[in-house]
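>>> I would like the atomic coordinates for the input below:
(one chain, ligands or ions: 1)
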Amino acid sequence: MEKLTNVVVEGDLSSAEAVAREAIKVELDPLMAIEEGLVPGISRVGKEFDRGDLYLTDLMLSAEVMKICMEVLLPEVARRGRKVKFRGRVILGTVAGDIHSIGKEIVGTMLMVHGFEVTDLGVDVPDETFINKVKELKPNILGLSALMTSTMNKQLDVIKALKKAGLRDRVKVMVGGAAVTEDWAREIGADAYGVDAVDAIKKAEEFV
Ligand code: B12
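Residues are numbered from 1 along each chain as shown. Next up, the predicted model:
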């Protein structure tokens, strides 16, 4: 675990893949490796960036390392996932103006492993794309990720756009991301808030 944390903190691109593969080799649970190894690493880097002790380039390097490790570990989470019956369909994306993808990808993989068919629209997703995809795919749940105080309002905009398109009653809206709280979710009229991937699954299962 410590190696995983350190490789992210140090932004050690050249060792990233090997450290993630080693975690699988020594039979660490891949989800635990992400949540207890990688996430504390990126959180520590985030705090140092916040204090002004690190440059954005350092943060970007650590995020890149995190992504390389996740590319090894997430498929392993999916591969080991229980084969469960189809539970429902989820559309997931990070709202417009926001390019943070890491948490959303963890949530997406976990939902998939728990029997949801997940369509991940990526990051910086325009409101209209969410609306068009809800029309097209008729999901049970729409998941909106926002990591910044400057982009969380977009979650409200998407909910308003759903209402305007007459789709609000047809889909449950679940919101999450570092900037978001339970109170915010209630305030904007979302159906649920997920603090992390495990919570997201719990809430999603209540809707299907
Ligand atoms: C990594 C990172 C980056 C990387 C992102 C790489 C990538 N591909 O994602 C890079 C370097 C690119 C980046 C860029 C920027 N970042 Co940044 N970043 C972070 C950092 C350090 C970690 C985020 C992360 O991945 N955490 C790990 C994951 C696992 O956690 P998570 O995302 O919160 O997700 C979990 C839950 O929230 C939840 N969840 C997430 N999404 C969803 C969705 C649903 C539906 C549900 C139910 C649950 C859920 O489940 C996840 C799993 O447990 C945070 C600090 C922090 N503490 O969050 C800053 C942070 C989010 N960034 C910040 C900023 C300011 C920026 C920049 C503007 C920097 C700049 N000056 O240019 C740009 C933004 C550009 C843009 N337009 O989006 C600020 C936001 C401040 C604010 N309050 O608004 C933060 C908080 C750092 C800080 N303290 O200043 N960033």
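>>> check contacts around the residue nearest to A197 when sequence neighbours are not counted.
Leaving out its chain neighbours, the residue that sits closest to A197 by CB to CB, 6 or more residues apart in numbering is M110, at 4.2 Å. To be clear about C-beta, it is placed using only N, CA and C from the backbone, and glycine gets the same treatment. By CB atoms under 8 Å, 6 or more residues apart in numbering, M110 lies in contact with L31, V77, A197, V198, A200, I201.
>>> can you pull the buried residues of stretch 165-180?
L167, R168, V171, K172, V173, M174, V175, G176, G177, A179, V180 (16 or more other CB atoms under 10 Å).
>>> what does stretch 181-193 give?
For stretch 181-193, by 16+ other CB under 10 Å, it's W184, A185, I188, A190, D191, A192, Y193.
>>> adding secondary structure and pLDDT, write those residues out as CSV.
Output for the buried residues of stretch 181-193, formatted as CSV (DSSP: H, G, I helix; E, B strand; the rest coil; pLDDT from 0 to 100):
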residue, secondary structure, pLDDT
W184, helix, 98
A185, helix, 98
I188, coil, 98
A190, coil, 98
D191, coil, 98
A192, strand, 98
Y193, strand, 98
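>>> any chance of the residues you listed in JSON lines, plus distance to E205?
Below are these laid out as JSON lines (distance: CB to CB, whole Å):
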{"residue": "W184", "distance to E205": "22"}
{"residue": "A185", "distance to E205": "17"}
{"residue": "I188", "distance to E205": "22"}
{"residue": "A190", "distance to E205": "17"}
{"residue": "D191", "distance to E205": "13"}
{"residue": "A192", "distance to E205": "11"}
{"residue": "Y193", "distance to E205": "15"}
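>>> next secondary structure after the helix ranked longest in the chain?
Assignment by DSSP state H gives helix 56-80 as the longest helix of the chain. Scanning forward in sequence from helix 56-80 by DSSP states H and E, the next helix or strand is strand 88-94.
>>> hmm, who's touching that next one?
Contact with strand 88-94 is made by 100-101, 104, 107-108, 111, 115-125, 129-130, 133-134, 137-147, 177, 204, 207-208, as judged by CB under 8 Å, 6+ apart.
>>> H114 versus Y193, what's the distance?
From Y193 across to H114, the span is 18 Å (CB to CB, to the nearest Å).
>>> please apply the same query to A146.
From A146 to H114 the distance is 23 Å (CB to CB).
>>> cool, R79 as well?
14 Å.
>>> between the two, point out the one with more neighbours.
Between R79 and H114, counting by other CB atoms under 10 Å, H114 is the more crowded of the two (18 against 9).
>>> that's a strand at E117, yeah?
Yes - according to DSSP: H, G, I helix; E, B strand; the rest coil, E117 belongs to a strand.
>>> this completes my enquiry, with thanks.
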